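[1] quick one: sequence and predicted model below, then my questions.
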Amino acid sequence: DDATANVALNDLKVIENHYTLWQEWVGTYGEAIQRSCPAWDAANVSSNVQTMHAGLQTSLGILEPEHLYPYYSYTVEDLLCRSSIPK
């Protein structure tokens with residue numbers, strides 16, 4: 001399985017799972033924390049985490065095997081194998 005071999009992709013998927021847990025945590029405890037610590041802003045924290053999640057989604061898309069293969073093919077198969085190895 002190509003996705004299993006891509007360690008960076010696997011790590012990003014783990015982070016994505018943590019994002020979901022974080023959003024749930026903010027939804028559950030954010031209001032109570034803000035009452036105890038008025039400087040803490042659940043909306044601002046949530047907005048920052050959503051911005052981070054958008055970057056994560058972009059990274060996941062870039063690292064998908066079907067997106068990476070053309071670069072691999074060009075770099076390894078075309079440039080390295082065909083250009084540097086004499087026939």
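    Thanks, I have the structure now.
[2] do you know how far Tyr72 is from Leu79?
    11 Å (CB to CB, to the nearest Å). Where C-beta positions appear, they are placed from N, C-alpha and C, glycine not excepted.
[3] sorry, slip of the keys, the one I care about is Glu24.
    Glu24 is 46 Å from Leu79, by CB to CB.
[4] equivalent analysis for Leu21, please.
    For Leu21 relative to Leu79 (CB to CB), the value is 42 Å.
[5] Gln23 against Val49, yeah?
    Yes: judged on CB atoms under 8 Å, Gln23 makes contact with Val49 at a distance of 6.9 Å.
[6] for burial, what's the neighbour tally of Thr51?
    Residues near Thr51, counting by other CB atoms under 10 Å, number 10.
[7] any idea of the pLDDT on it?
    At Thr51, the model reports a pLDDT of 89.
[8] what's the next secondary structure element after the strand or helix carrying it?
    Using DSSP states H and E, Thr51 maps to helix 42-63. Along the chain past helix 42-63, the next helix or strand (assigned with DSSP H and E) turns out to be helix 65-72.
[9] can I get that following helix as CSV, trimmed to CA atoms?
    The C-alpha trace of helix 65-72 is given here as CSV (Å, rounded to 0.1, in the frame of the first residue of the first chain):
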residue,chain,number,x,y,z
PRO,A,65,0.8,9.1,-3.8
GLU,A,66,-1.1,10.0,-7.0
HIS,A,67,0.2,13.6,-6.6
LEU,A,68,3.8,12.6,-5.8
TYR,A,69,4.3,9.9,-8.5
PRO,A,70,4.7,12.3,-11.5
TYR,A,71,7.6,14.1,-9.6
TYR,A,72,9.1,10.8,-8.6
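[10] and it, what's its mean pLDDT?
    81.
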